[in-house]
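Peer 1: Any chance you could fold what I've pasted below:
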Amino acid sequence: MTAPFTKVLIANRGEIARRVIRTCKRLGIATVAIYSEADADLPHVKEADEAYLVGGPAPKDSYLRIEAIVDVLKKSGAQAVHPGYGFLSEKAAFARAVAEAGAVFVGPTPAMLEAFGDKMKARHVALAAGVSPVPGVDAPIDLATEGGRAEARSAAARIGYPILVKAVGGGGGIGMQIVREEAGLEKALETCSNRGAAAFADARVYLERYVAQPRHIEVQVFGDTHGQIFALGERECSLQRRHQKIVEESPSPAWFFQGAEGALRRAKLLESAVRIVREVNYVGAGTCEFIADDQGEVFFLEVNARLQVEHPVTEMVTGLDLVEWQLRVAAGEKLPDWSELDRKGYAIEARLYAEDPAKGFLPKPGAIDTLRWCGGEGELQTARVRIESGVAAGNKMTPYYDPMLAKVVAWGETREQAMDRLADALATSEVAPCTTNASYLRAVLANEDFRAGRYDTQFAEPFAKAWGAAHK
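Peer 2: Here you go, the predicted model:
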C-alpha cells in the first residue's frame, strides 16, 4: 500500500513521539517533531526529519501552545498532525486549528471530541446507545450557581454513599474524590471543582456511585469514514495507583470472562462499545472504558477519543499497527474487515517509572547515566518483547512531565508465559542511577493473587505499602 501522507507533524514528546516516528519511517513518511527547552536532547528530536522548538519546559509554555504548534505546521508543510495521547490530543480547538491551517488531524472530528470530552455528554451518548453508565447524575452541577450545593447534597443522598465526586473535564484521576459519608461532601465538592477549574478550565462537577473494588476494563475501538466500526478486544487496566494505570493486559483474566458464559459476556461488552461510538459515527482509534462490580455487572465510564498509552497490548495480540491505521483512516482509507479478527495469545504491559514505590510512588527526577534494555541498547522491538521509551542514556528525567521511563510489553502463548517474559525483561534492564518501580513491578508479577487474575483497582496501593515496608 502507498503511504497515506508524505509528511506528518507529531504534536507530542518522548515515547509516543518515537512510536509514531517508527511507523512513519516504515511507511516512508517524513516526520516533524516539536520540543520544549527541557526536551532538546531527547531521542524523538533527533530521530525526526525536522524538529522545532515550541517554548519553555512547562507544558503550558510548549506542548499546549496551539498557536506555536500550528505555526510549526505551516512552516514545515506537514500534511497531517498526529497528537499522540495527553496534551492536546482530545482538544476540539486544536483539531479545528489544524483543519483551518489546511492539514489533517489524525483523530476524531471536533464534534466527536466534544461529545466524549465532556463526561456528561458521553454519559448521554451511552444512554442513547442503550448502554448503562454508573448510576449518578445526568447533568453537571455548577457550584457557583444558586442552589448548586443543595442540588449536590440532594443527588448524593439519592445515589447513596459512598459516592465519587468528579470534575466534568477531569481525567487520569485529576479532580476525583471518594466521599464515604455526608460530612465529607462539602470539602470534596470544593476540591474537585477547584482542580477542574485549574486543570481543565471547567469548575463543574458530577456525582456517581462509588463501585467498591471494581475491575477496570476497556475496549479498543476503531472506525473509518466509510461507516465501519470494529472492537479489537478488551484490555484489563485494574492495576492502578491514584487512578493511574500501572499494568495493562489483554485478554482480561477476570473471572466473569471465563468459560462459555464468559465468552458471551465478552461479546456483549465489545458490542456495547461499538454501539456507543456508532452513536456519533466515530472515526479513528478510541477506547471505551468500563468498570465491573464484584458480581460482574459492567457499567460504562467514558470514551478516550485518542490512542491509549497501552495500545501496544492490543497490537501484540492482534498483529496490527494501530498508528498506521490511524494515519490511513485519517487519509480516508477504508479499514479491512476486522469483524472476525484473530486475536492470538496474551500480552501484558508495565509502565516503568522514575519513582519510589516504597515512598508513595514519589517521582524521582534526575540524570540517566546508564540505560540498557534487556541487556541491549536503545528501543527493543521483537515479536515477544517491546520496549518503548522516550529517553536515552545521557538524558534527564525532569519534573515537568509524567515520570514514565518506558513501557515494557511482553507477549506469550499463555498468560503465565507473558508474565514471565515481562518479569525477565524488567530484571535484565538497567536504568541508573534512577530509582524506579521495577522491583515493585516484578513483585506484583510474582504475587499469587495477581498471577491467578484475582485483583482489582484496590490491589496496587495496599500491596505497595506492604512491599515498601518490607524493603525499607
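Peer 1: can you list the residues that contact stretch 330-340?
Peer 2: 4-5, 80, 104-107, 222-226, 228, 230, 232, 284, 325, 328-329 (CB atoms under 8 Å, 6 or more residues apart in numbering). Where C-beta positions appear, they are placed from N, C-alpha and C, glycine not excepted.
Peer 1: My error: substitute stretch 374-393 in the last question.
Peer 2: Applying CB under 8 Å, 6+ apart, the contact partners of stretch 374-393 are 13-19, 22, 42-44, 312, 316, 368-371, 373, 397, 404-412, 421-422, 424-425, 428-429.
Peer 1: filter these to the buried ones?
Peer 2: Taking 16 or more other CB atoms under 10 Å as the criterion, what is buried in the contacts of stretch 374-393 is 13-19, 22, 42-44, 312, 316, 368, 371, 373, 397, 404-412, 421-422, 425, 429.
Peer 1: Helices - which of those residues land there?
Peer 2: Applying DSSP state H to the buried ones among the contacts of stretch 374-393, the entries found in helices are 14-19, 22, 43-44, 312, 316, 421-422, 425.
Peer 1: Quick check: of these, which lies closest to Ala144?
Peer 2: Minimum distance to Ala144 across these is 36.1 Å, recorded for Ile16 (CB to CB).
Peer 1: Filter the contacts of stretch 330-340 down to just the ones in strands.
Peer 2: Counting by DSSP state E, these place Ala80, Val104, Phe105, Phe222, Gly223, Phe230, Leu232, Gly284 in strands.
Peer 1: With neighbour count, pLDDT and distance to Ala254 added, can I get the residues you listed in TSV?
Peer 2: Below are those laid out as TSV (neighbours: other CB atoms under 10 Å; pLDDT from 0 to 100; distance: CB to CB, whole Å):
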residue	neighbour count	pLDDT	distance to Ala254
Ala80	23	98	38
Val104	20	98	38
Phe105	25	98	35
Phe222	24	98	23
Gly223	23	98	26
Phe230	19	98	22
Leu232	25	98	18
Gly284	24	98	27
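Peer 1: From those residues, pick the one nearest Gly345.
Peer 2: Leu232 (14.5 Å).
Peer 1: From Glu15, how far out is the nearest residue in space to the closest one that is not next to it in sequence?
Peer 2: Distance criterion CB to CB, 6 or more residues apart in numbering; nearest residue to Leu232, sequence neighbours excluded, is Gln220 at 4.3 Å. Distance of Gln220 to Glu15, computed by CB to CB, to the nearest Å: 19 Å.
Peer 1: same question for stretch 168-179, mean pLDDT?
Peer 2: For stretch 168-179, mean pLDDT is 80.
Peer 1: what's near enough to touch Gly175?
Peer 2: Residues near Gly175 by CB under 8 Å, 6+ apart: Lys166, Ala167, Gly169, Cys192, Arg195, Gly196, Ala199, Phe200, Val205.
Peer 1: Are any of those buried, and if so which?
Peer 2: So, by 16+ other CB under 10 Å, the buried ones in the contacts of Gly175 are Lys166, Ala167, Gly169, Cys192, Arg195, Gly196, Phe200, Val205.
Peer 1: wait, the second one sits on Gln177?
Peer 2: By that I understand Ala167. No: using CB atoms under 8 Å, Ala167 makes no contact with Gln177, being 9.6 Å away.
Peer 1: what is in contact with the two at once?
Peer 2: Common contacts of Ala167 and Gln177 (CB under 8 Å, 6+ apart): Cys192.
Peer 1: Tell me which helix or strand in the protein has the weakest average pLDDT.
Peer 2: Counting by mean pLDDT, DSSP states H and E, the chain has its least confident helix or strand at strand 380-381, which shows a mean of 74.
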